[in-house]
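# predicted model and sequence below, questions to follow.
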Amino acid sequence: MTQDELKALVGQAALQYVTPGEVVGVGTGSTVNKFIDALASIKDRIPGAVSSSEASTARLKALGIPVLEASAVEGLSVYIDGADEIDAKGYMVKGGGAALTREKIVAAMSGRFVCIADESKMVPVLGAFPLPVEVIPMAAARLARQFGAMGGSAKLRIKDGHPLVTDNGQHILDVTGLKIGDPLAFECEVNQWPGVVTVGVFAHQKASVCLLGTPGGVRTLTF
Ligand code: 5RP
């Protein structure tokens, strides 16, 4: 099976976690796009979705799935999203699609985080994938030096020759060279550095379930 087919497999499998009559939280990325496509087949059974990015909002709306403002919803029972890395405890690195801050907000609103990923995303220790960090632009250079002091190397994410601008009007640093052995402590530390909007370690908002796409089918991991 190709990686794309594995993504489609877990996107379809995630439908079992959608509760009829309830709003569902929707993440961002190519795996989530497969989930959104599958969600369209049951759109008449749900009132709508809370979305984590402009890109997912556009896709949901194009398929006729109503999108609700996060502030109009008290809570969500389930949030479905992908990951760049996930470990054996359900801790994740996210933000490859630059949507990490809104993803963390919607995850925090949700009772359960269902991570959908192909098996290439499973890692023993977080940190091989460049860690995305959303930052206030004026703090970017100082924060890059601060990551350097902890042994990492931070690069401003560039798109079409310019710093990428997130849905929140901010920039992204991608940090390589880190081994994140204690994701809970790491997330706490980096999140309080002035100028950090959100670090892409999802430890306090970790996955409750991971649907992992493998050539043998979908493996369900619970944390
Ligand atoms: C976007 C994310 C995505 O969930 C993550 O990048 C995985 O994406 P994909 O499903 O395309 O591999 O965090 O900000």
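All right, it came through fine.

# put the alpha carbons of the host helix or strand of Leu6 into CSV.
Assigned by DSSP states H and E, Leu6 belongs to helix 3-13. Extracted C-alpha coordinates of helix 3-13, given in CSV (Å, rounded to 0.1, in the frame of the first residue of the first chain):
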residue,chain,number,x,y,z
GLN,A,3,1.4,6.1,2.0
ASP,A,4,-1.6,7.9,0.5
GLU,A,5,-3.6,4.7,0.7
LEU,A,6,-2.6,4.2,4.3
LYS,A,7,-3.8,7.8,5.0
ALA,A,8,-7.1,7.1,3.3
LEU,A,9,-7.5,3.9,5.4
VAL,A,10,-7.1,5.7,8.7
GLY,A,11,-9.2,8.6,7.5
GLN,A,12,-12.1,6.3,6.8
ALA,A,13,-11.5,4.3,10.1
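
# OK, contacts around the residue nearest the centre of the chain?
In the chain, the centroid-proximal residue (CA atoms, centre = their mean) is Lys94; its distance is 4.5 Å. Residues in contact with Lys94 (CB atoms under 8 Å, 6 or more residues apart in numbering) are 81-84, 100, 103-104, 132, 200, 202. From N, CA and C alone the C-beta is placed, and that goes for glycine too.

# equivalent analysis for Val175, please.
Val175 makes contact with 130-133, 147, 152-155, according to CB under 8 Å, 6+ apart.

# which of those residues fall within strands?
Counted as lying in strands by DSSP state E, out of the contacts of Val175, are 131-133, 153-155.

# helices and strands around the lengthiest strand in the chain, which ones?
In the chain, ranked by residue count with DSSP E as the criterion, the top strand is strand 110-118. Counting contacts by 3 or more CB pairs under 8 Å, 6 or more residues apart in numbering; DSSP states H and E, strand 110-118 is packed against helix 3-13, helix 30-39, strand 76-81, strand 209-214.
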